[in-house]
Every structure is written in C-alpha cells, then in structure tokens.
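**Student:** Okay, sequence plus prediction incoming.
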Amino acid sequence: MAVDKSEEKKIITSLQKRHDPEAERLRRFLAMPDLTRTPDSPMAELVKRIAGLPRFSGFENLNVPEIVKYDISFDLFNFPSDHPARKPSDTYFVDKNHVLRTHTTVMWYFHLNLPEIKSKIKKGEPVGALSYGKVYRKDEIDREHMNVFHQMDGWYLCRKKDHVMTISDLKEVLIEIARAIFGKNIKYRFNVDEFPYTDPSIEMEVQVSKRWVEILGAGVVRPIVLKNLGINPKEYNGWAFGFGLERLAIISMDLPDIRLLWSQDERVKKQLRMGNKYKEVSKFPPITRDISFIVDKNFIPNNYFDLIRDLGGDLVEEVRLLDKYSNPKKFGSDKLSYTYRIIYRKGDRTLLSKEVDKIQKEIYNETAKQFNAKLR
C-alpha cells in the first residue's frame with residue numbers, strides 16, 4: 001500500500017544543496033542500500049520468512065519515509081521529554097524539525113493516516129501492518145554495532161468488544177516469529193520489558209550455544225499512543241512487535257562482524273544464508289593507530305565516531321576508549337583529555353600502513369578542525 005513520501009523528497013532535495021559535513025554524511029547514509037529489499041541478502045530472507053506467516057496474510061506491507069518529523073517520531077509515541085533518543089547525541093537531525101527515523105514503529109502513524117485504513121477504523125474493522133527497512137542511530141564502533149541498521153515492526157488493532165489483548169497474545173506472536181527464523185526446536189523464554197509506546201511489554205530470549213540472547217520485543221499498545229494517533233482507546237486495543245534484524249542474522253549464521261552483512265566479497269556473500277554457519281574467509285591482520293586530544297567537556301563521543309566513519313569507512317573495525325581524564329591545572333577546568341585506539345582491518349585483503357596513515361592523518365586534521373581539539 002502506497003505511503004505519501006512527497007515531504008521526504010522535498011527535504012532530500014534541500015539536503016542535496018548543502019555541503020556541510022553533516023549533510024554529506026546524511027546523504028551517504030540515505031544512499032546506502034536497504035538490505036531488507038536487496039535480493040539474496042539475509043535481511044530480505046528474514047523479512048520473507050516473517051511476512052510469509054499465515055498470521056500476517058491480510059496485513060498491509062508499508063514502505064514509510066526514512067525522514068520523519070521530530071514530533072511524530074517522539075511526541076506521538078510517548079517518549080519521555082528526557083529520553084536520550086530526543087537528543088542530537090543519539091539521533092541524526094536533518095533540520096530542527098526532522099530526523100532520520102530511529103525506529104520503524106513510526107509506521108503506525110503512516111498506517112493510520114491512509115484513507116483506506118481510516119475507512120476500516122470508522123467501520124469498526126480490524127487493521128494490521130508490517131514495515132521494515134533502515135533505521136539510524138548514533139552509536140559506538142565495534143563488531144556488533146553500526147549506526148545504520150535494519151528493523152522490522154508489525155502491529156494489529158481490533159475493537160475491544162471483539163478481543164481484549166493480553167500477554168498471551170504477545171507471546172503467541174513472538175513464538176511464531178522465532179520458530180520461523182530459528183526452527184521449531186528453538187528454546188526460548190520471556191522477560192518483562194518496557195517501551196514508551198506499549199504496556200505491558202515483554203522481550204523474548206533464545207538459547208544460543210548455552211547462552212540466552214535477547215531477540216524480540218512486543219507489547220500491548222498504550223492507550224495514550226492510540227489517542228495521540230487519533231484512535232479511541234476505549235474502543236480499540238492492539239499488540240505490536242519490533243526488533244533489529246541484524247542481531248537475528250548474526251545469531252543464525254554465527255557472524256563475527258556486523259560489517260559482513262554489507263560485504264561485496266563473493267566469498268562472503270555466498271555464505272550469507274540464514275542457518276548457514278559462517279566460516280572465516282581469511283583473517284587478515286589489523287593495523288592499530290592511537291589518537292589523543294584535549295577538548296571541551298561538551299564533547300560528544302558519538303559525533304566523533306561519525307567523523308571516524310566518514311574518513312575510515314568500512315576499514316574501521318573498532319574504536320576503543322583507552323583513556324579519559326581531567327587535569328584542571330594543566331588543561332583548564334572546562335577541558336577533558338581523550339585517547340582512542342582505532343583498529344583498522346579489511347575483510348578481503350591485508351591493509352597497507354601507508355593507506356591507513358593517510359586516513360589517520362585526515363582524522364587528526366578533522367579532529368582539530370571540527371572539534372576544536374588540541375592534539376597531543
């Protein structure tokens with residue numbers, strides 16, 4: 001079912017006219033492929049397995065904007081005023097009123113604004129939808145995290161007089177999804193969880209190599225959120241689920257590095273099949289470089305990681321904080337010293353020191369320029 005993206009197109013056009021580092025960064029993120037819609041990607045295979053469940057046969061399949069209004073993303077979904085996701089330290093702001101979507105749960109808003117769905121609600125009919133794709137959150141750099149990743153969300157609403165949603169409904173949905181991904185013999189358990197837009201809420205863990213790993217979350221849609229979205233919570237109720245797809249793929253294939261999901265190396269790509277245990281193509285040696293600098297106390301590490309991503313791309317495997325301290329007498333009371341170790345590694349070849357040194361020099365220069373840092 002088509003969702004209006006005209007506002008997003010206008011914002012992207014405006015973004016293309018900007019040449020500041022943040023605009024260039026955002027354009028690059030938006031241009032990255034959506035792996036849930038990329039043939040032969042395990043992300044697409046996950047979506048196919050879940051969307052193919054009989055339970056979802058009558059659900060709408062929505063492809064919603066990746067640039068959304070701030071108030072839609074957070075206010076309507078009951079995020080507390082002090083929630084970290086509301087801040088530029090965690091979320092990518094396109095301008096003061098728009099952000100790169102941080103969750104595919106935002107599809108609830110777009111779903112309920114479709115004329116066909118408004119008509120169904122008016123008639124008292126049940127409605128359901130699935131949505132999936134890229135989401136964006138500022139994050140650290142290591143083998144398990146990327147700032148661009150994929151989520152999948154689903155929800156179902158019906159009149160209370162037809163069915164009252166309970167924890168049993170949530171568990172039933174999550175069990176079906178987990179079995180579709182990992183097989184009928186997967187061992188699972190549930191824990192109480194909390195989300196701004198659902199209550200009660202639960203998370204599901206599955207057993208992987210004798211350890212329990214959180215994979216899925218679900219909840220009963222909060223009445224306040226239904227009200228914010230224009231639905232009478234005295235008449236309607238619903239369940240919803242949402243989760244990150246990378247984690248499921250990594251568990252299923254035993255992947256050692258999240259970057260492998262984006263690899264164009266044929267030796268890697270042919271192994272990226274759900275349930276296939278990944279075998280290391282070759283373990284090429286890392287190259288490490290340290291950088292130390294003094295900056296203002298308002299320095300935001302997540303913003304610095306973006307700079308490193310900008311210049312190092314997928315050559316950067318991890319960034320470790322080695323040291324952080326203050327010395328009022330030496331630096332001043334409003335300054336902090338940081339030391340980071342940047343670990344470079346290429347998955348399909350051995351890196352050369354000279355190519356890493358070139359990147360490291362650029363990082364040095366931009367650290368001083370963009371963060372007003374004093375290099376040590």
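**Tutor:** Looks like it came in fine.

**Student:** what helix or strand does residue 347 sit in?
**Tutor:** Counting by DSSP states H and E, no helix or strand carries residue 347.

**Student:** Give me the pLDDT for it.
**Tutor:** At residue 347, the pLDDT value in this model is 78.

**Student:** Please name the residues that touch it.
**Tutor:** 257, 259-260, 263, 265, 268, 281, 284 (CB atoms under 8 Å, 6 or more residues apart in numbering). (Each C-beta comes from the backbone N, C-alpha and C, glycine too.)

**Student:** for residue 265, same thing?
**Tutor:** Taking CB under 8 Å, 6+ apart, one finds 281, 347-348 in contact with residue 265.

**Student:** nearest residue to residue 46 other than its sequence neighbours?
**Tutor:** Nearest-residue entry for residue 46: residue 245, 5.2 Å, with adjacent residues in sequence omitted and distances by CB to CB, 6 or more residues apart in numbering.

**Student:** I'd like the distance between that neighbour and residue 102.
**Tutor:** 15 Å (CB to CB, to the nearest Å).

**Student:** Kindly report the same for residue 118.
**Tutor:** To residue 102, residue 118 is 26 Å away according to CB to CB.

**Student:** Kindly report the same for residue 164.
**Tutor:** 31 Å.

**Student:** So for these two, which residue has more residues nearby?
**Tutor:** residue 102 (21 against 11; other CB atoms under 10 Å).

**Student:** That one contacts residue 135, doesn't it?
**Tutor:** Yes: Residue 102 lies in contact with residue 135 (CB atoms under 8 Å); the separation is 5.9 Å.

**Student:** What are the boundaries of the strands in the chain?
**Tutor:** For the chain, the strands defined by DSSP state E cover 60-62, 67-69, 93-95, 98-100, 127-136, 148-159, 188-195, 198-208, 211-221, 236-244, 287-296, 316-325, 335-344, 374-375.

**Student:** So for residue 277, which of those strands sits nearest?
**Tutor:** Residue 277 lies closest to strand 198-208 among those, at 11.8 Å (CB to CB).

**Student:** Give me the distance from that closest one to the chain's centre.
**Tutor:** Strand 198-208 sits 18 Å away from the centroid of its parent chain (CA atoms, centre = their mean, to the nearest Å).

**Student:** For residue 316, see how far away the closest residue to residue 312 other than its chain neighbours is.
**Tutor:** Nearest residue to residue 312, sequence neighbours excluded (CB to CB, 6+ apart): residue 359, at 5.3 Å. Separation of residue 359 from residue 316 (CB to CB) stands at 8 Å.

**Student:** can you list residues touching both of the two?
**Tutor:** Shared contacts of residue 359 and residue 316 (CB under 8 Å, 6+ apart): residue 344.

**Student:** now the strands of the chain as JSON lines including distance to residue 306 and mean neighbour count?
**Tutor:** JSON lines is the format used below for those (distance: least, CB to CB, whole Å; neighbours: other CB atoms under 10 Å):
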{"stretch": "strand 60-62", "distance to residue 306": "29", "mean neighbour count": "16"}
{"stretch": "strand 67-69", "distance to residue 306": "18", "mean neighbour count": "21"}
{"stretch": "strand 93-95", "distance to residue 306": "12", "mean neighbour count": "16"}
{"stretch": "strand 98-100", "distance to residue 306": "12", "mean neighbour count": "23"}
{"stretch": "strand 127-136", "distance to residue 306": "11", "mean neighbour count": "23"}
{"stretch": "strand 148-159", "distance to residue 306": "11", "mean neighbour count": "22"}
{"stretch": "strand 188-195", "distance to residue 306": "26", "mean neighbour count": "14"}
{"stretch": "strand 198-208", "distance to residue 306": "29", "mean neighbour count": "19"}
{"stretch": "strand 211-221", "distance to residue 306": "26", "mean neighbour count": "19"}
{"stretch": "strand 236-244", "distance to residue 306": "20", "mean neighbour count": "23"}
{"stretch": "strand 287-296", "distance to residue 306": "15", "mean neighbour count": "17"}
{"stretch": "strand 316-325", "distance to residue 306": "11", "mean neighbour count": "15"}
{"stretch": "strand 335-344", "distance to residue 306": "13", "mean neighbour count": "18"}
{"stretch": "strand 374-375", "distance to residue 306": "19", "mean neighbour count": "12"}
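
**Student:** Format those as a markdown table; extra columns: mean pLDDT.
**Tutor:** A markdown table is the format used below for these (pLDDT from 0 to 100):
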| stretch | mean pLDDT |
| --- | --- |
| strand 60-62 | 96 |
| strand 67-69 | 97 |
| strand 93-95 | 96 |
| strand 98-100 | 97 |
| strand 127-136 | 98 |
| strand 148-159 | 97 |
| strand 188-195 | 94 |
| strand 198-208 | 94 |
| strand 211-221 | 94 |
| strand 236-244 | 96 |
| strand 287-296 | 96 |
| strand 316-325 | 95 |
| strand 335-344 | 96 |
| strand 374-375 | 94 |
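
**Student:** so what's residue 230 up against?
**Tutor:** residue 112.

**Student:** pLDDT value on it, please?
**Tutor:** For residue 230, the predicted pLDDT is 96.

**Student:** The one 4 residues further on now?
**Tutor:** Predicted confidence (pLDDT) at residue 234: the value is 97.

**Student:** tally of neighbours for it?
**Tutor:** Applying other CB under 10 Å, we find 10 residues neighbouring residue 234.

**Student:** excluding its backbone neighbours, what's nearest it?
**Tutor:** residue 160 (7.6 Å).

**Student:** same question, residue 32
**Tutor:** That would be residue 148: by CB to CB, 6+ apart, it lies 5.7 Å from residue 32.

**Student:** quick one: the one you found from residue 264, how far?
**Tutor:** 16 Å.

**Student:** try residue 238
**Tutor:** When residue 238 is compared with residue 264 (using CB to CB), they lie 40 Å apart.

**Student:** One more: residue 286?
**Tutor:** Going from residue 286 to residue 264 by CB to CB gives 20 Å.
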